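Undergrad: sequence unavailable; structure follows:
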Ligand code: B12
Ligand code: SF4
């Protein structure tokens, strides 16, 4: 079968503010990891003809996507569905069906489908949902479609029959992830992927594990069990990029440094094979030791990204972050001592933010704590999280909002926020204030000038500055130019 997997534009995401949210397009291009694993599996274990189109990295609009689908004549189009960008998912399904009703349209996406399976399949344009980790399930679905086998024997899929939704078996979960092939990097526009806060050069993005055992109350990550890829496998994924001249890497796991020991072992292995690479990772600030920093730095680590979220111990406790401010401050100081840049994530609009002062206190702490880069986000309460359940219980969050949105998505919708104490507009203004006050300090501006490594890096930094000043980016998109079919 001819399979086309599409990373759809996220142009019409349901955002939080009236002008300052970041869409996937605004934060540097990252590869569609889920789709590339699916493509890797199909390539290794089946004979299907598979292609990935990354519309975000390639800057494709819906018209161009339509032209590509027409040209490629796929039997099936697949995409990852995120709740916030469901309008875009549906638009893609409608365009596909407008081109030909005989092209199947299939979605995957663990978190969204756990919550909104029925609403998603209520749309006539969406034929199949693959639940959970989809490598084997999707291959089985393709085989069933190709050989006309009964669909009700394909474990892990949901589909419609006579207007009824049929779900077969449990969702997919891979215990032994190392047995599965690597992502199909070769199908992606690799040269387009770079981190917004990296050197501006192309970066190889690699996930070295799946899952996270922590239980932060705002987080909608799908798997509590941590499964790590083997060192050999990680080295071979790095090598894929290395032999193509790429020297910068981003480890984009939910939780890279599950223990300092893991990072020490991996760094030692990388050091032996790749003497001159630069890399960064996303992880926790409490799982960092000096020994780990020293060897990681030797192996090329130049930046660590930490999700901190809140700026005092009481607030951290209230979101079950399981970390203390002392641990954070100690880690940041160690990183500074050894010349590792740090980037930290913070949430504003948490239930514990009862006044403007609480958020300005958070801002002041981010300035004081010594981090190099920050990302501020307004809390989006996703339907599968503890914070969402609390908001619904307290009548702060409309329990039917996301359900209605998925049943009838509208462009430029606003996602719910925690507005018990501060309105959406106040949070939005505070978000701007946080970015401006953090980045537009003379000392920070000079710092960034000194960090510029090349002309293209300067361009990236200048773009970042314009975004912070509100001149570029973070804008809500216009209402779509393509008409809905219904
Ligand atoms: C990496 C990442 C990104 C990257 C890359 C996204 C991408 N397109 O792959 C970037 C930074 C670009 C990103 C952006 C966004 N993200 Co994001 N992201 C993640 C993160 C941290 C890891 C995802 C991942 O790669 N996992 C590893 C792979 C192997 O797992 P997977 O993607 O789930 O894929 C498996 C299955 O789901 C399934 N599957 C997935 N797609 C498909 C498709 C088909 C056809 C089939 C058959 C199966 C299938 O099979 C895959 C392989 O086993 C998750 C958190 C998490 N752990 O899930 C958040 C997460 C998925 N993101 C989220 C959101 C909201 C977004 C944005 C909408 C944010 C925004 N405001 O714009 C955008 C939308 C981006 C877009 N249109 O691509 C939410 C989703 C919440 C929800 N309920 O829908 C999460 C859960 C984070 C959170 N906020 O809690 N994201
Ligand atoms: S926020 Fe990070 S540490 Fe907390 S549960 Fe999510 S992935 Fe794990």
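TA: Happy to help now that I have it. The shown structure was predicted, so the numbers you read here are calculated from the model rather than taken from an experiment. Ligands and ions are numbered 1, 2, ... in the order given.
Undergrad: for the stretch 351-486 of the chain, which residue gets nearest to ligand 1?
TA: Proximity of the stretch 351-486 of the chain to ligand 1 (Cβ to the nearest ligand atom) peaks at residue 382, 4.6 Å away. Bear in mind the C-beta positions are built from the backbone N, C-alpha and C, glycine included.
Undergrad: next, that residue: secondary structure please.
TA: coil (DSSP: H, G, I helix; E, B strand; the rest coil).
Undergrad: and the pLDDT for it?
TA: pLDDT, residue 382: 92.
Undergrad: the helix or strand encompassing residue 267: how far from the chain's middle?
TA: Assigned by DSSP states H and E, residue 267 belongs to helix 260-273. How far helix 260-273 lies from its chain's middle: 25 Å, per Cα atoms, centre = their mean, to the nearest Å.
Undergrad: check stretch 209-229 too.
TA: 13 Å.
Undergrad: quick check: buried residues in it?
TA: For stretch 209-229, burial by neighbour count (16 or more other Cβ atoms under 10 Å) applies to 209-212, 214, 216-223, 226, 228-229.
Undergrad: any residue of it touching ligand 1?
TA: Yes. Applying Cβ under 6 Å from any ligand atom, one finds stretch 209-229 touching ligand 1 at 210, 219-222.
Undergrad: stretch 240-258 now?
TA: Yes. Against ligand 1, stretch 240-258 shows contacts by Cβ under 6 Å from any ligand atom at 252, 254.
Undergrad: what residues of that stretch count as buried?
TA: Of all the residues in stretch 240-258, those buried under the rule 16+ other Cβ under 10 Å are 240-242, 246-258.
Undergrad: re earlier: near ligand 2, which of the residues of stretch 209-229 next to ligand 1 show up?
TA: The subset of the residues of stretch 209-229 next to ligand 1 lying close to ligand 2, counting by Cβ under 6 Å from any ligand atom, consists of 219, 221.
Undergrad: ok, so of the residues of stretch 209-229 next to ligand 1, who is nearest residue 292?
TA: residue 210 (21.6 Å; Cβ to Cβ).
Undergrad: may I have the phi/psi pair for the closest one?
TA: For residue 210, the backbone dihedrals (degrees, to the nearest 10) come out as phi -130, psi 140.
Undergrad: same check, this time on residue 58
TA: phi -90, psi 0.
Undergrad: use 713 as the first number for this chain going forward.
TA: Yep, numbering from 713; the last one is residue 770 now.
Undergrad: residues contacting it?
TA: 901, 904 (Cβ atoms under 8 Å, 6 or more residues apart in numbering).
Undergrad: the residue of the stretch 1063-1198 of the chain closest to ligand 1 against residue 1100, yeah?
TA: Yes. Residue 1094 lies in contact with residue 1100 (Cβ atoms under 8 Å); the separation is 6.1 Å.
Undergrad: who has more neighbours out of those two?
TA: Taking other Cβ atoms under 10 Å, residue 1094 and residue 1100 do not tie; residue 1100 has more neighbours (24 against 20).
Undergrad: what's the helix or strand for the more buried one?
TA: Going by DSSP H and E, residue 1100 is in helix 1098-1105.
Undergrad: other residues contacting that helix?
TA: Contacts for helix 1098-1105 (Cβ under 8 Å, 6+ apart): 927, 929-930, 1031-1032, 1062-1063, 1091, 1093-1094, 1109, 1111, 1128, 1130.
Undergrad: buried members of the residues you listed into ChimeraX, please.
TA: Restricted to buried positions by 16+ other Cβ under 10 Å, the ChimeraX selection for these reads:
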select :929,930,1031,1062,1063,1091,1093,1094,1109,1128,1130
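Undergrad: fine by me, thanks again.
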